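Undergrad: need a structure here:
(one chain, ligands or ions: 2)
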Amino acid sequence: MQILIAEDQLRETVDRLARQIEETYSGRKLTIVGLLLGSVAFLADLIRKISIPYELEMVSSRQPMDNSERPGPLVINPDVLAPVVEGRDVLVVKDIFDTGETLWELIPQLDDLGAARVRSVVLLVKEGRRRMPVQPDFKGCDIPDLFVVGYGMDHLGKYRHLPYVAALDPDEIAAESPS
Ligand code: IMP
Ligand code: MG
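TA: Ligands and ions are numbered 1, 2, ... in the order given. Below you'll find the predicted structure:
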């Protein structure tokens, strides 16, 4: 395991993103939508640094039943989301921008619920992986195309508790994965 982003760098990154968000949304009607599960630690830290008012909601993805590294399809509850999305500036909070498929799926659904404008903030962007014509609006750190864990992100339930972001070696991933 190799540490990619240490605790103090995570703190500085979250502080910088929170300032950018406050500047962008000052005087606006902001709704923050957290994309569970990998973003829980980032979301918890970020929302405590944003001092302008905002509504908060969550969207989940189905847990994949196999050992796939990709989350399952999104679970959107329009009854819950519509009241806090309609007519408001929506900011989606996500752990990793990988292929872009999740944002590509989610943003039009938030548009359909009547959002005034949808943007996204992501903690990590994996270099060279994007497959969809979508970009994060606020970006934490670029990382190489490696499987990362820690700071809320897991591999098969492990490593969420780590206070830093680390890359797993391919042999560590293979050793943990059911064959
Ligand atoms: P997307 O490909 O941009 O839609 O991102 C898919 C999701 O896959 C991310 O939000 C993460 O939850 C998960 N994911 C992608 N790469 C990693 C990784 O290196 N570690 C942990 N989760 C990952
Ligand atoms: Mg996971």
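Undergrad: Helix or strand next in line after the lengthiest helix in the chain, which one?
TA: Counting residues, the longest helix in the chain under DSSP state H turns out to be helix 7-25. Per DSSP states H and E, the first helix or strand lying C-terminal to helix 7-25 is strand 30-35.
Undergrad: what does this protein put close to ligand 1?
TA: Proximity of the chain to ligand 1, by CB under 6 Å from any ligand atom, involves residues 38, 69-71, 94-102, 147-148, 153. (Glycine included, C-beta is placed from N, CA and C.)
Undergrad: Which ChimeraX command selects the buried ones in those residues?
TA: Buried subset of the residues of the chain next to ligand 1, written as a ChimeraX selection, criterion 16 or more other CB atoms under 10 Å:
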select :38,71,94,95,96,97,98,100,102,148,153
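Undergrad: neighbouring contacts of the longest helix of the chain?
TA: Residues from elsewhere that reach helix 7-25, judged by CB atoms under 8 Å, 6 or more residues apart in numbering: 5, 42, 45-46, 49-52, 54, 89, 91, 119, 121, 123, 138, 140-141, 151, 163-165.
Undergrad: For PyMOL, what selects the buried ones among these?
TA: Here is the PyMOL command that selects the buried residues among the contacts of helix 7-25 (16+ other CB under 10 Å):
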select buried, resi 5+42+45+46+50+54+89+91+119+121+123+138+140+151+164+165
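Undergrad: Narrow the contacts of helix 7-25 to those in helices?
TA: Residues of the contacts of helix 7-25 located in helices (DSSP H): F42, D45, L46.
Undergrad: Among those residues, which one sits closest to ligand 1?
TA: F42 (10.8 Å; CB to the nearest ligand atom).
Undergrad: quick one, what contacts the closest residue to the closest one other than its chain neighbours?
TA: Distances taken as CB to CB, 6 or more residues apart in numbering put L123 closest to F42, at 4.7 Å, once the chain neighbours are dropped. Taking CB under 8 Å, 6+ apart as the criterion, L123 is in contact with T13, V14, S39, F42, K94, D95, I96, G140, C141, Y151.
Undergrad: Show me the shaky parts of the protein.
TA: 64-69 (pLDDT under 70).
Undergrad: Closest to the centroid, which residue in it?
TA: Note on the chain: the residue nearest the mean C-alpha position is K94, at 1.0 Å, using CA atoms, centre = their mean.
Undergrad: and the helix or strand harbouring that one, how far out from the chain's middle?
TA: Here K94 sits within strand 89-97, counting by DSSP H and E. Distance of strand 89-97 from the chain centroid (CA atoms, centre = their mean, to the nearest Å) equals 5 Å.
Undergrad: Quick check: neighbours of that strand in the sheet, parallel or antiparallel?
TA: Applying DSSP bridges to the sheet, strand 89-97 is found paired with strand 30-35 (parallel), strand 117-126 (parallel).
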